[in-house]
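Q: give the three-dimensional model of this entry:
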Amino acid sequence: RHPVSREVSSAQATMFLFLVGAAVGVGVGAQPLEEHHLGVEDAVVQRSNVSLRPDLHGLQERAGYRNLLRHSNQASVTFERSIREMKDFLKFYNLDIGAGYLSRDCTTEVGIYAKGLRNQEKWALQLLDSNDLFPSSGILDLNVFHFPGSMDECLRDSANLTGRYWMLTTTGPQLNPVLGLGFTRVGRCFPSSCSEADVLLATNLYLDYVTNTTNIYHGHVLNEHVRNEKIDLTSADIVMIVVIALLGTIVVIATVIDVLVTVMEVTYFKTNMLFFWQGFSLYNNTVKLFNTDVNPNDSSNMSCLNGIRAISISWVVLGHTLFEWTIPGLVSKNGYMLKNLRELSDDDGPLSAVALTAVWNGLFSVDTFFLMGATLVAFHTLKEMDKNRNKPPGKWAMFWVVFYLHRYIRLTAVYSITLGLHTTLLKYLAYGPTSFLVTKQVENCQQSWWLNLLYINNFYKEVGKDAMCMGWTWYMALDMQFFIITPFLLYALWKNFRIGLAICTALLAATTATVFSLTWTDENQFFHGEFDFYIKPWNRFQPYVIGLVLGCILYRNRDVKKIKISLFTNMLLWIVSALLACSVIYGITKYNIVKDINVTIPNSPTAPSTPERAFFNGLAKLAWSFPLCWVILACVKGRGGVVNSFLSWGFWIPLARLSYCIYLVQYTVIFWFNSQLEHSVVYNNALFVYTAIGNFAMCCAVALVLVLLFEAPCLHLEKLAFGYAGIGRLPSARKGKDEKM
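A: Numbering: from 1, shown residues only. Below you'll find the predicted structure:
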């Protein structure tokens, strides 16, 4: 297509022959439109109604990937054709296949680009080189989906013509599962004047050519980038910036006053107002955040929960990182771009390690939070209820109003800031090759952020929404929903423990039976359930109810320093608890979802039976909760030994205080990091661990900013409001390290 017709430097000739000769000489990118006989005018009209996003049918994608894996194992004709067509699609480097139907500016720049290639100009070869033009090694390892090219090379400055980077995917029938499942990530560099309509037209025509079909395979734009791109500020963005600036100004002023008075001991400030400013101070809140002076033997502070909370939040980040690294990430279309997908499904592959079961089956980490939260709520609320025992009804009414109001403010203050950031300013961080991972979060939040503030976002489908804002925050919705009914259960436990225990037992039995029956009657419910099942209250209530009972038991025995049991009984309880917890985690090792997606497909040979699924979903959370209850009870009541010393270690305290904000941002951090990857990678366990540690460190850093700039100041503002309203105590100030003012 572009013959070398004159003398050039050896380096330039080598580059030209390698890129242009190999790619274009066997390609069709410059073929005239009339050679395809596709009925272009009809195709353009039909494709105008094609969605720009692939449909997400999880079961369909899982089944399609299973079929592709089977075809690759057998080296079938279907696999051979799929690879050949994908290989041909990678030769799509220019839009001139759509000549006559492209926009005017695009047509002009496409011509300039073609001329630059014929003349072997460096800027044109650079645009060409930024595309992945050939499949690399590992095709039998299913290195067939991800070809991001080089966004940086595409967007380099040029005096002749600048490129625009497009991340494309394809969908269609599973006659070609590589092009049809929506798993492809193909980065293309085209002239910057070409619009999305131009790109989609040419992409669809090219798909028709390489598949020898008409209008059944379609391209979709996932994201695009141009050099020095600008994103216009919206009114919502401006409001968010003003809120941040206002809070930031207060924090800066408060920090200056706090440091001048408590550190530099400047005397001309009125110290009687220090209590007002100190709660907003970065210095004061940092000191409080990293203060580890707690007594591990004081049962009232339950210091062992710090270790459990810190370990659990790291478990959450670890598990979510693994899911995005492996087959579930591919199927959800959010994961990393990988080269060795086939190896991940091998029986001797890196995901076959039994130890990884504790990571991919680590969904009990969230149940741990439910149980711990309920335990603390019960313990401290019962103490306050005792103080109000003989108070008039008006006092009780105010008590419960404050009970709900404080909880809503406590959860919502920093949550609303995070929601606001996701709805507005997060889009300014969407600049990587797969930036759609970030912009998708923004779009989801713009659609349904208000559901999160009402804590009903786990019912997003029931209210007619397509997606959930910050999809992982279903946990907060459930926590608030459980909290709403908590006073009724606590009141029963407080008035008559036996009656309250009977009510809680009945609720446990009801939720267990519900989960069991729903799993038994729905073949699509894998272990823990599909997402819509996974996030519903009846699937998560068991640990919370057990936590309420545990908190009541701890409060009723608050004066007991040590449980009176024999050493043999103590050791037996620890051993039984450890075995029960390990059986829940490792008992389903053979159903490795990150290695074999077939286990989630009904009637698959490797899928669990209906009784296995039903009994696991119905009983697993109970089996996890009881050992956890023993760990907490033993540690608080003097039978924890070295376990209590470890869990009460001061190192855990700052992480425990950051855990809520870490949870709020953890998936955003993971998606952002994924979006920055310039090239597909080969998975191995060492790289996964390295990535998980980096993700957790980044989550901690972002959470620290949220705590110091937003959470701590907002909670201090609540204390001031309650104090001045006469329904709480005003906060006290500290001068120096220990002296109260």
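Q: tell me how far Trp277 lies from Gly111.
A: Using CB to CB, to the nearest Å, we find Trp277 at a distance of 66 Å from Gly111. In this view, the C-beta of every residue, glycine as well, is placed from N, C-alpha and C.
Q: Pro654 too?
A: Distance from Pro654 to Gly111, counting by CB to CB: 61 Å.
Q: with neighbour numbers in mind, choose between those two.
A: For Pro654 and Gly111, the more surrounded residue by other CB atoms under 10 Å is Pro654, and the numbers stand at 19 against 13.
Q: mind checking how far the more buried one is from Trp474?
A: Where Trp474 is concerned, Pro654 sits at a distance of 27 Å (CB to CB).
Q: ok, Ala254 - contacts?
A: Neighbouring residues of Ala254 by CB atoms under 8 Å, 6 or more residues apart in numbering: Trp277, Gln278, Gly279, Phe280, Ser281, Leu282, Pro713.
Q: for the third one, give me its contacts.
A: With contact taken as CB under 8 Å, 6+ apart, Gly279 is in contact with Ala254, Asn285, Ala712, Pro713, Leu715, His716, Leu717, Lys719, Leu720, Pro731.
Q: as TSV, those with pLDDT and distance to Thr368 would be great.
A: Listed next are the contacts of Gly279 as TSV, based on pLDDT from 0 to 100; distance: CB to CB, whole Å:
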residue	pLDDT	distance to Thr368
Ala254	94	35
Asn285	95	27
Ala712	96	25
Pro713	96	29
Leu715	94	24
His716	94	29
Leu717	94	30
Lys719	93	29
Leu720	94	33
Pro731	87	31
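Q: now do stretch 597-615, average pLDDT.
A: The average pLDDT for stretch 597-615 rounds to 91.
Q: no wait, stretch 194-203
A: For stretch 194-203, the per-residue pLDDT averages 95.
Q: only alpha carbons, please: show that stretch as PDB.
A: Presented in PDB, the C-alpha positions along stretch 194-203 are these (Å, rounded to 0.1, in the frame of the first residue of the first chain):
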ATOM      1  CA  CYS A 194     -12.100  12.400  13.900                       C
ATOM      2  CA  SER A 195     -15.200  12.200  16.000                       C
ATOM      3  CA  GLU A 196     -16.600   9.200  17.900                       C
ATOM      4  CA  ALA A 197     -19.100   8.800  15.000                       C
ATOM      5  CA  ASP A 198     -16.300   8.600  12.500                       C
ATOM      6  CA  VAL A 199     -14.400   6.000  14.600                       C
ATOM      7  CA  LEU A 200     -17.500   3.800  15.200                       C
ATOM      8  CA  LEU A 201     -18.400   3.900  11.500                       C
ATOM      9  CA  ALA A 202     -15.000   2.800  10.400                       C
ATOM     10  CA  THR A 203     -14.700   0.300  13.200                       C
END
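Q: neighbouring contacts of it?
A: 44, 47, 50, 52, 92, 95-98, 101-103, 105-106, 109-110, 164, 166, 168, 170, 188, 190, 219-221, 224.
Q: which of those are buried?
A: 44, 47, 92, 95-98, 101-102, 106, 109-110, 164, 166, 168, 170, 188, 190, 219-221, 224 (16 or more other CB atoms under 10 Å).
Q: distance from the helix ranked longest in the chain to the middle of the chain?
A: Taking DSSP state H as the criterion, the chain has its longest helix at helix 393-423. In this view, helix 393-423 has its centroid 25 Å away from the chain centroid, taken as CA atoms, centre = their mean, to the nearest Å.
Q: pull the helix or strand following that helix out as CSV, backbone CA atoms only.
A: Using DSSP states H and E, the helix or strand that follows helix 393-423 in sequence is helix 436-453. The C-alpha coordinates for helix 436-453 follow below in CSV (Å, rounded to 0.1, in the frame of the first residue of the first chain):
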residue,chain,number,x,y,z
PHE,A,436,-13.5,4.4,31.6
LEU,A,437,-13.0,2.5,34.9
VAL,A,438,-13.0,5.8,36.6
THR,A,439,-15.5,7.7,34.5
LYS,A,440,-18.0,4.8,35.0
GLN,A,441,-18.0,5.5,38.7
VAL,A,442,-18.7,9.2,38.0
GLU,A,443,-21.6,8.4,35.7
ASN,A,444,-23.1,5.9,38.1
CYS,A,445,-22.9,8.5,41.0
GLN,A,446,-24.4,11.3,38.9
GLN,A,447,-27.4,9.0,38.2
SER,A,448,-28.1,7.6,41.7
TRP,A,449,-26.1,9.5,44.5
TRP,A,450,-29.2,10.3,46.3
LEU,A,451,-30.0,6.7,47.0
ASN,A,452,-26.7,6.5,49.0
LEU,A,453,-27.7,9.4,51.2
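Q: then the helix or strand just after helix 436-453 to PDB, C-alphas only?
A: Where DSSP H and E defines the elements, the next helix or strand beyond helix 436-453 is helix 474-495. C-alpha atoms of helix 474-495 as PDB (Å, rounded to 0.1, in the frame of the first residue of the first chain):
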ATOM      1  CA  TRP A 474     -24.100  -1.500  49.800                       C
ATOM      2  CA  TYR A 475     -22.400  -2.200  53.200                       C
ATOM      3  CA  MET A 476     -23.300   1.200  54.500                       C
ATOM      4  CA  ALA A 477     -26.900   0.800  53.300                       C
ATOM      5  CA  LEU A 478     -27.300  -2.500  55.200                       C
ATOM      6  CA  ASP A 479     -25.600  -1.100  58.300                       C
ATOM      7  CA  MET A 480     -28.100   1.700  58.500                       C
ATOM      8  CA  GLN A 481     -31.000  -0.500  57.700                       C
ATOM      9  CA  PHE A 482     -30.000  -2.900  60.500                       C
ATOM     10  CA  PHE A 483     -29.400   0.100  62.800                       C
ATOM     11  CA  ILE A 484     -33.000   1.300  62.300                       C
ATOM     12  CA  ILE A 485     -34.400  -1.800  63.900                       C
ATOM     13  CA  THR A 486     -31.700  -2.100  66.500                       C
ATOM     14  CA  PRO A 487     -33.600  -0.200  69.300                       C
ATOM     15  CA  PHE A 488     -36.400  -2.700  69.200                       C
ATOM     16  CA  LEU A 489     -34.100  -5.700  69.700                       C
ATOM     17  CA  LEU A 490     -32.000  -3.900  72.300                       C
ATOM     18  CA  TYR A 491     -35.100  -2.900  74.200                       C
ATOM     19  CA  ALA A 492     -36.300  -6.500  74.300                       C
ATOM     20  CA  LEU A 493     -32.800  -7.700  75.400                       C
ATOM     21  CA  TRP A 494     -32.700  -4.900  78.000                       C
ATOM     22  CA  LYS A 495     -36.100  -5.500  79.600                       C
END
